[in-house]
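Enquirer: After the sequence you'll find the predicted model.
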Amino acid sequence: MPAPAFPSADNAPLRGGPTLRWGVIGPGEIAGDFTDALHRHTDQRVVAVASRRRERAEAFARDHGVDRAFDDAEAMAASPDVDVVYVATPHTRHLPDALTAIAAGKHVLVEKPLATTVADADRIAEAAAAAGVLAMEALWTRYLPHSTVIARLLADGAIGDVRLATADVAWANDLSAPGRMSDPALGGGALLDIGVYAFWFTQFVTGHPVERSATGSTRADGVDLDAAVVTRTAEGVLATAVTSLLATSPGIGTVAGSDGSLRTLDHLVFPASFELTTGRGTAVWSDPAVPTGREGLAYQAAALASFVDRGLRDSPLHGMADSRSILATIEAARASLTVVAGRPSAAR
């Protein structure tokens with residue numbers, strides 16, 4: 001009996017499609033990786049960068065081959081040379097910076113999480129709709145080739161009816177050190193920064209949950225340390241997602257159906273291979289041509305450019321409703337966490 005077959009990945013091509021001129025707000029590490037990935041693998045170009053400190057913007061421009069540096073995000077967003085703005089600032093800046101880009105009539109790609117609350121996500125969605133621009137969360141994993149293949153397999157019923165999903169995304173952090181991960185004013189904690197990937201995966205394969213329950217711990221200052229979340233969809237599909245800043249997990253996602261299962265063989269956040277098991281046997285999907293690690297950030301930019309070229313005002317792969325649902329899960333989880341005396345403030 002032949003092994004299960006795989007459909008072709010239908011992600012937007014990295015080259016040869018429509019191109020946009022990008023501006024970046026927030027010249028940090030993720031913005032640098034994003035810019036380098038675009039310039040290395042796509043026809044998209046980052047042409048401007050903005051920071052409240054001009055010297056920081058200028059250093060980023062020199063290091064990453066960007067033409068113009070601004071010390072004012074509004075001025076950059078208003079530039080006629082910029083078509084779309086990538087918001088790469090800390091979580092608590094996503095709302096105001098996204099609204100700045102939208103007010104200038106620019107499409108916007110907002111780093112995950114889209115916002116820190118459901119209410120703020122709604123404000124971004126409403127502003128983009130009123131302005132007639134595309135707003136999209138930079139949930140880059142959804143746009144990677146392995147995700148597009150998994151989506152097609154599930155839609156085609158390759159494993160039957162989905163019954164259960166699991167995901168773990170946990171990275172140990174030194175929470176005694178200064179930085180956004182340990183700063184409650186910047187949305188620090190596991191849920192918004194890395195848990196969002198686990199919640200995305202389970203929602204991606206099961207659908208939006210209607211019930212959510214959670215347990216976990218948080219520091220007294222509100223920085224959440226770990227959480228385990230169970231969700232259920234209206235159809236009764238269960239999922240579990242776990243995240244933590246106190247330990248590092250393999251980052252594996254699984255989907256179990258009535259006629260088979262799927263399991264990522266590499267960390268689910270990054271470009272990955274996966275295993276499909278059905279009554280016909282087991283087969284592994286992989287594509288060595290896909291850029292590895294954060295080089296895969298290029299795919300979401302190519303996708304956004306294709307959506308704009310098609311006149312879309314919401315991502316058909318991960319839209320505003322999807323982002324809102326993930327934040328609803330995060331809010332429910334946060335409300336269930338317990339302040340536990342004696343939990344470590346640093347993970348090693």
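Expert: Structure's in. What do you need?
Enquirer: show me where the chain has helices.
Expert: With DSSP state H as the criterion, the chain has helices at 29-41, 54-64, 73-78, 94-103, 118-131, 145-155, 190, 196-206, 298-309, 320-336.
Enquirer: mind listing what Thr329 touches?
Expert: Phe199, Gln203, Pro209, Arg212, Val229, Thr231 (Cβ atoms under 8 Å, 6 or more residues apart in numbering). (C-beta placed from N, C-alpha, C; glycine too.)
Enquirer: okay, and for the stretch 1-150 of the chain, where does confidence drop off?
Expert: 1-2 (pLDDT under 70).
Enquirer: what domains does the record give for this protein?
Expert: 21-140, 142-291+315-339 (automatic domain parsing).
Enquirer: Just the terminal-to-terminal distance for the shortest one.
Expert: Translated: domain 21-140. By Cα to Cα, to the nearest Å, the extent of domain 21-140 from end to end equals 19 Å.
Enquirer: Distance from it to the middle of the chain?
Expert: 15 Å (Cα atoms, centre = their mean, to the nearest Å).
Enquirer: Kindly report the same for the last one.
Expert: Averaging C-alpha positions (Cα atoms, centre = their mean) puts domain 142-291+315-339 10 Å from its chain's average.
Enquirer: What's the end-to-end length of that domain?
Expert: Using Cα to Cα, the two ends of domain 142-291+315-339 sit 33 Å apart.
Enquirer: From Ala328, how far out is Arg123?
Expert: Remark: distance between Arg123 and Ala328 (Cβ to Cβ, to the nearest Å) = 15 Å.
Enquirer: no no, Ala305
Expert: 29 Å.
Enquirer: more neighbours, those two?
Expert: Per other Cβ atoms under 10 Å, whichever of Ala305 and Ala328 has more neighbours is Ala305, with 22 against 18.
Enquirer: shouldn't that one be in contact with Leu20?
Expert: Yes. If you go by Cβ atoms under 8 Å, Ala305 and Leu20 touch, sitting 4.9 Å apart.
Enquirer: Identify the contacts common to the two.
Expert: Gln44, Val84.
Enquirer: which stretch among the domains of the chain comes nearest Pro7?
Expert: domain 142-291+315-339 (4.4 Å; Cβ to Cβ).
Enquirer: can you redo the domains of the chain as TSV with distance to Pro4?
Expert: Below are the domains of the chain laid out as TSV (distance: least, Cβ to Cβ, whole Å):
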stretch	distance to Pro4
domain 21-140	27
domain 142-291+315-339	5
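Enquirer: Ser8 is nearest to which of the ones you listed?
Expert: domain 142-291+315-339 (7.7 Å).
Enquirer: quick one: low-confidence parts of the stretch 201-348 of the chain?
Expert: Using pLDDT under 70, the flagged stretches of the stretch 201-348 of the chain are 341-348.
Enquirer: That one: strands as residue ranges?
Expert: Applying DSSP state E, counting those that start in this stretch to the stretch 201-348 of the chain gives strands spanning 209-218, 224-233, 238-244, 253-257, 260-264, 274-278, 281-285, 338-339.
Enquirer: Out of the domains of the chain, which gets nearest to Ala5?
Expert: For those, proximity to Ala5 was assessed by Cβ to Cβ; domain 142-291+315-339 is nearest, at 7.7 Å.
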